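Trainee: Could you work out the structure for the sequence below:
(chains A and B)
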Amino acid sequence: QKEVEQDPGPLSVPEGAIVSLNCTYSNSAFQYFMWYRQYSRKGPELLMYTYSSGNKEDGRFTAQVDKSSKYISLFIRDSQPSDSATYLCAVFTGNQFYFGTGTSLTVIP
Amino acid sequence: SQTIHQWPATLVQPVGSPLSLECTVEGTSNPNLYWYRQAAGRGLQLLFYSVGIGQISSEVPQNLSASRPQDRQFILSSKKLLLSDSGFYLCASAPGLAGRDTQYFGPGTRLTVL
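Mentor: As a prediction, the model looks like this:
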């Protein structure tokens, strides 16, 4: 079993839609959770970071962690064409980083 | 905040030629540094990581090597490139001390081996 599993998509939504991106992880000992956004041919950019269960909000983005289910989500409200990118989830165990394979998102104007 | 530089941005090399990719970090001291290779649809493959000068750990046996001659410099090398070395190479940094739990990435180098 992989440490982090992520649905690769692709996901295509109309502009203004709410987007939900999801990952599951294997080990309840994982402590820190991140979401990265990666535009085509660019390096991943840290988008959200959290270490506790619950929600963390930053503008149109909300990161949600459910440690009991080992499930992490990223919600994008009022999605924009500029949100079109690949989104990677990641976990840090306190010792190692593990990344999902990424979900490709396209927001259609 | 820290900034990660990588060069070159793109590189086309013949099979059997040597390789040197450089990564430098600004805005932090004593970072943990990482080299990843990213293939389409396959996510990030960790190649090497370093917790300090001269300290390199290899995650996958391969045709590549890494060195860390200075605190904020990380180099990825090969003596003879293979076709399978083609890919998008990313350098990442986890900031020193309290910030080690988050990674920041450079802009990447796209390598094509012909």
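Trainee: low-scoring stretches of chain A, by residue?
Mentor: Along chain A, the model assigns pLDDT under 70 to no residue.
Trainee: Could you pick out the residues of it near chain B for me?
Mentor: A:8, A:31-32, A:34, A:36, A:41-46, A:49, A:51, A:88, A:90, A:92, A:94, A:97, A:99-102 (C-beta under 8 Å from any C-beta of the partner chain). C-beta coordinates here come from the backbone N, C-alpha and C atoms, glycine included.
Trainee: 10 Å instead, please
Mentor: Proximity of chain A to chain B (C-beta under 10 Å from any C-beta of the partner chain) is limited to residues A:2, A:4, A:6, A:8, A:31-34, A:36, A:38, A:41-46, A:49, A:51, A:86, A:88, A:90, A:92-102, A:104.
Trainee: three-state assignment of the residue most central in space within chain B?
Mentor: Centroid-nearest residue in chain B: B:W35, 3.0 Å away (criterion: C-alpha atoms, centre = their mean). Here B:W35 takes the strand state, with states given by DSSP: H, G, I helix; E, B strand; the rest coil.
Trainee: Equivalent analysis for B:T102, please.
Mentor: coil.
Trainee: Next one: the closest residue to it other than its chain neighbours from A:Y25, what distance?
Mentor: Leaving aside its sequence neighbours, B:T102 sits nearest to A:Y49 (C-beta to C-beta, 6 or more residues apart in numbering or on different chains; 5.6 Å). Separation of A:Y49 from A:Y25 (C-beta to C-beta, to the nearest Å) stands at 15 Å.
Trainee: Among the two, which residue is more densely surrounded?
Mentor: Using other C-beta atoms under 10 Å in any protein chain shown as the criterion, A:Y49 and A:Y25 rank with A:Y25 on top: 26 against 18.
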